[in-house]
Each structure stands twice: as structure tokens, then as C-alpha cells.
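**Q** take this sequence and fold it.
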Amino acid sequence: AEERGKGAEQTLFKQTHRVELQREVKRVLKFVEGRQDAAPPCLPATLRRTFIFSSVIQPEQAEAQPLERDSVVQDLVSRLDQTCGLDRCVAEKSATQENFVKRFRKCFSKQCQLRWDKVFKDGEGEAAPVKVEICSGNGDWVVEQAKAEQGGANWVAMELKHDRVCSIVSRVVLEDVPNLCIVGGDAGALFKAGQMGQGTIRQICVNFPEPPHHAHSLDSTQAESSLHLLTANFFAHLHTALEPKGTLTLFSDNKPYCQSLCSVIGGLTLIDGKKMFKSKKVKATEVGGESFKEFGGIRLYDGIPGLDSGHLVNVTSYFDRFWDQGNHTERVFIVVTKCR
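**A** Below is the predicted model of the structure:
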């Protein structure tokens, strides 16, 4: 039975991958047809907002290593050169490595925290609020959110896998999304080290998070994994990164897993015993929020998040389409705000 299950999932993955390739071809053709007389896209402009850290997942118990800004910057520029086409830009004289090193150095504090005002506006004028999607996949969802909020908010796409980071870069270049920054690497390690900043993020979204052992079943509520991302410690790090009254939204098709996440989040407290997060009351819409149940004092809503949960545009992601093909159509979400 286990082998049949694995075979069915592999078949589903192949079917979804084929559909995704067809979507990609259509996207590129649409871009080509729509820009016959327009100026060519500018890759260096997007790479200036692309930071690719190591994709090696650090176990939660691993100690954070001290960071040195110049070393971090050199590594980031080197990875752009190796993976996202900076070498080509240099060869075509549309960019230089020296300028990228200078630019990236400005984007980090001496403590190696990203400075969002420098990332998006070079420190000129009042910075727009920063919103983050963790585990962005190929970027379908976050690109549309950023496009919907141009001039109103800046978005950050975080993705572990470097091939998916390159896919997001492609989307940002072809669709010209200046208010989207791309951060590649292990989100757990980056938030733990404080590199995403402290008290600087307005909204954090996680769509279709993977439970421990990738188990889409009742057993997933009890499963443990040293590489599992959404742990109590990780949520505590997100609390540090969020600005006062900042919002965290989790959207999933795995109700048992989300029930366990509610209990984890509801049990988080500060040194003085006060709660880190509280549930946000959301307006009921046609697609979600009308009904909910509480687990550990945190609401688990049925349906799809709306505007007041940080989802401006209802866009299906790769993971959404993948599970739809497998008939996983139930959707639930959690929305909490930082108490203090």
C-alpha cells in the first residue's frame, strides 16, 4: 500500500510538472508578444534586490555562527554570478561586480541585518511597509501580491531552493516588479541569525507549509523532524522580526497539521509570561473566514484568506495546483498578530 501511495504521488508530480511547463511557455510567449516595441527587460535591476544565501538547511539546534559583513557580501555576489546571470551582465558591461559589492554592502548593517530602506529605495524618502512570503516556490503568489501593492508596500520572496529562486528572478524581470526583493536560502537560519531585521516586517505569509516528514495525514500532527521549519523557536524568531502589531498568516490544505500549529503558536510566551501572538478577527467573505474553531486559544478559519489576512489577490500557487490535482481541496488558515 505504501509503494502504491508513492507511485500515485510520483504520477501526480509528473502531471503537475508537465502542466507547469506549459504555463511557463505561455507566460514567456505572452511577454514576447506584449513587448515587441518596448525596451528590453533589465536583469541587473532585479539582481540588485536578489540575495542568495546558502541552501543548506541548518538543524534547529545548531548554534548561529558570527557573521562578517564583507564576507557575506562577497558570497552573495559570487552566487549571483554563478546562478542568476550576473556574469553575463558583467560580460555585456551592463553591470560590474565592484558595483554590486558596493551596493550590497549598503544593504546590510554592521550586524549583517538587511536594511529594507536601502534594499528598496536606497534610503531616500519614507520606506513603505515590508511584507514577506516564506517558501515562495516559483513565485506565482508573491509576484501578484507585489504587483497589486506597487507604491503601497514592498514584498520579499523567500525560497530555499536556488532553481526556484532563479524562476522568481525570471518572473520579476519579465513582469517588471520593482517592489519585490528575492531572498534565497534557509529561512530558519536567516530569521534565527536576525538577518531579516528586528521589528521591521509588517506581514509574514506562509502558504502550504510542509509538515514534518512531508506527511499529509493525521499522523503529521505527531511527527517530528530536525529539519521541520515551523517550530516553536521559528515562530519566536518571526515574532522578533515582526513590527508591533505585525501579522502572521498561515494558509494550508492540511487541517490536522494546522490544528497542531495553532497549539504551538498559542503556547508561545515572553519572559514575563505574556503571550507572543493573539488571533486576529477577520471579516467573513464568500471564500473564507465565516467559520472557525480554536486550538490552544488560536483560531483556525475555514476557507481562503482575504484582504484583512494579507492576501490581496487570490492566486493559485504551484503547491495549490499540485494538491488540487490530488483532490486535496479543503483549505484552512491561521491569522495572528504580534501582541508586543
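**Q** what average pLDDT does stretch 207-221 get?
**A** Averaged across stretch 207-221, the pLDDT comes to 63.
**Q** stretch 278-287 now?
**A** pLDDT averaged over stretch 278-287 gives 89.
**Q** pull the CA atoms of it into PDB?
**A** The C-alpha trace of stretch 278-287 is given here as PDB (Å, rounded to 0.1, in the frame of the first residue of the first chain):
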ATOM      1  CA  LYS A 278      -3.200  36.500  19.500                       C
ATOM      2  CA  SER A 279      -5.700  35.600  16.900                       C
ATOM      3  CA  LYS A 280      -6.900  38.300  14.500                       C
ATOM      4  CA  LYS A 281     -10.600  38.600  13.900                       C
ATOM      5  CA  VAL A 282     -11.300  38.600  10.200                       C
ATOM      6  CA  LYS A 283     -14.300  39.600   8.200                       C
ATOM      7  CA  ALA A 284     -16.200  36.600   6.700                       C
ATOM      8  CA  THR A 285     -16.100  36.500   2.900                       C
ATOM      9  CA  GLU A 286     -17.500  34.300   0.200                       C
ATOM     10  CA  VAL A 287     -14.400  32.200   0.200                       C
END
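**Q** and for that stretch, what are the contacting residues?
**A** Contact with stretch 278-287 is made by 247, 289-290, 294, 297-299, 301, 303-306, 308-309, 314, 334-337, 339, as judged by Cβ atoms under 8 Å, 6 or more residues apart in numbering. (Glycine included, C-beta is placed from N, CA and C.)
**Q** so after the helix-or-strand element of the chain with minimal mean pLDDT, what's the next helix or strand?
**A** Of all helical and strand segments in the chain, the minimum by mean pLDDT, DSSP states H and E falls on helix 318-325, at a mean of 53. Later in the chain than helix 318-325, the nearest helix or strand by DSSP states H and E is strand 332-338.
**Q** so what are the sheet partners of that following strand and their directions?
**A** Each strand that pairs with strand 332-338, with its direction, by DSSP bridges: strand 242-252 (antiparallel), strand 277-279 (antiparallel), strand 298-303 (antiparallel).
**Q** neighbours of G151, how many?
**A** 8 (other Cβ atoms under 10 Å).
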